[in-house]
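> have a look at this prediction, sequence included:
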Amino acid sequence: MVTAAVHGDEYEGIEAIPHIYSQIQPAALRGTLVMVPICNMAAYEAAQRSSPIDGLNLARVFPGDAKGTITQRIAYWIREKLLSRADFYIDLHSGGVAYDIPTLIGYIHDEGMLGQASLAGAKAFGAPILWGHPLPMAPGRTVSAATDLGVPSLYTEGPGGGYARPDDVACFMQGVRNVLHHLGMLEGAPQPRRMTHHLFGDGNLDSVIDATEAGYFRATVELLSEVKTGQKLGVVQDLFGQPQQEVIADQEGVVIMLRRLHRVQVGDGLVHITGRIA
C-alpha cells in the first residue's frame, strides 16, 4: 500500500504515484498494489497542510473515528479498509510549504521482526538519507497505525516548498519500485541511490525548537549541519531587524528540519535536531 497527500501541500507523492501506476504492467505484478495519490482532498484543494473543513491534521488523528469529523472519518476508513489488509506500507510525505527537510526514507528502528522488515525495506527504497525511529512511534500517524496493526512501514520526506522537484519525484518513483522488487512483487533487484547519512531519533516533528517570539526567522545553519549543544542556529527579529529570540541548539546532532517560511508566530517549529547512526 502506498499513499500520498495525507497533507494537502505535499506534492511529490501526488506526482509520483500516477507515474508508478503507468509503468507497471499488471501481468508482471505478483500480489496486489494499492496506491492512493490524494488521501486528504479537502486539504489538497485548499493547498494547505490540514483540512479547512475541521482544521484537523490527518496525520495526527489515526486510528480515526467512524462517527467523527471528516478528517477523523478519513483516517478510520484508511485504517479499516486499506491498512488492515496491507503487508507493507509506504507513506509519501515532504516538508510542505512551511518546512525544509532533506530527501529521506524513515523507518522503524527495532530488533523485532517489524523493525527488521522496515529497515530492509528502507535500504531497498534507497533514498540518500535513512532515518530510524525507535518504538513506540508517536501516536496519530499513518505509520503508527500501521505499526499497531503489525504492518511494516516506511515514510518519505523531502524539501517540499509548495513544489515537487523532479529529482525527488524520481527518487520516490524508483524507491517504490525498489521496494516492489525487494518484496518479490516485481522481477529484478532494487537499484537504490547511494546513502549519505544514516540518522536516528524519535522523528517527532511536533517536538522541535519553537519560536518563543513572533517575528522574522533567519536560520544561520543549513540542513544536515552537525551542531553542538548551545550553538546558535538562527534568530527571530522584529521588523526593525532587532533580535527578539536567539535560537539555540538544545542537543548535539544533525539538523534534519528547518522552518522555510520566515514569518513566524509564537509556537511555530523552527529547527529539529536528530542523532546519527553512521
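Now that the structure is in, tell me what you want to look at.

> so D206 touches A138, yeah?
Yes: with contact defined as Cβ atoms under 8 Å, D206 reaches A138; the gap is 7.1 Å. In this view, the C-beta of every residue, glycine as well, is placed from N, C-alpha and C.

> who has more neighbours, these two?
Remark: of D206 and A138, A138 carries more neighbours, 16 against 10, as counted by other Cβ atoms under 10 Å.

> what distance do you get for G112 to G267?
To G267, G112 is 36 Å away according to Cβ to Cβ, to the nearest Å.

> repeat for I277
Using Cβ to Cβ, I277 is found at 31 Å from G267.

> out of these two, which sits in the more crowded spot?
With neighbours defined as other Cβ under 10 Å, I277 and G267 compare such that I277 has more, 12 against 9.

> how about that one, what does it touch?
132, 198-200 (Cβ atoms under 8 Å, 6 or more residues apart in numbering).

> are any of those buried, and which?
132, 199-200 (16 or more other Cβ atoms under 10 Å).

> so which of these comes closest to A27?
Nearest to A27 out of the buried ones among the contacts of I277 is G132 (Cβ to Cβ; 36.2 Å).

> who's the closest one bridged to?
Y107, F200 (DSSP bridges).

> does it touch H198 like I think?
Yes: between G132 and H198 there is a contact under Cβ under 8 Å: 7.4 Å.

> dump the buried ones among the contacts of I277 into CSV; add pLDDT as well.
As requested, the buried ones among the contacts of I277 are exported to CSV (pLDDT from 0 to 100):
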residue, pLDDT
G132, 97
L199, 97
F200, 96
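
> and the residue nearest to L135 when sequence neighbours are not counted, what does it touch?
With Cβ to Cβ, 6 or more residues apart in numbering as the criterion, L135 has its nearest non-adjacent residue at 5.1 Å, and that residue is D110. Contacts for D110 (Cβ under 8 Å, 6+ apart) come out as 116, 118, 134-135.

> tell me the two of the residues you listed that are most distant?
So, the contacts of D110 by Cβ to Cβ: farthest apart are Q116 and P134, at 13.6 Å.

> contacts for stretch 221-228 next, please.
Residues contacting stretch 221-228 (Cβ under 8 Å, 6+ apart): 100-102, 129, 197, 231, 233-234, 249, 252-258, 271, 273, 276.

> list the buried ones in that stretch?
Residues of stretch 221-228 classed as buried by neighbour count (16+ other Cβ under 10 Å): 221, 223, 225, 227.

> and P159, what is it in contact with?
94-95, 100-103, 165, 168.

> again, 7 Å this time
Applying Cβ atoms under 7 Å, 6 or more residues apart in numbering to P159 gives the contacts 94-95, 100-101, 103, 165, 168.

> just those residues: which are in helices?
Under the assignment DSSP state H, these contribute D168 to helices.

> strands - which of the contacts of P159 land there?
Taking DSSP state E, the ones among the contacts of P159 that sit in strands are D100.

> for the protein, what spans make up the helices?
Ranges of helices in the chain, per DSSP H, are 12-23, 41-46, 70-77, 113-125, 142-148, 166-182.

> I'd like these as CSV, with distance to A86 appended.
Formatted as CSV, these follow (distance: least, Cβ to Cβ, whole Å):
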stretch, distance to A86
helix 12-23, 15
helix 41-46, 21
helix 70-77, 14
helix 113-125, 12
helix 142-148, 7
helix 166-182, 12
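
> just the ones you listed: most buried one?
Mean neighbour counts were taken over the helices of the chain using mean count of other Cβ atoms under 10 Å, and the top value, a mean of 23, falls to helix 142-148.
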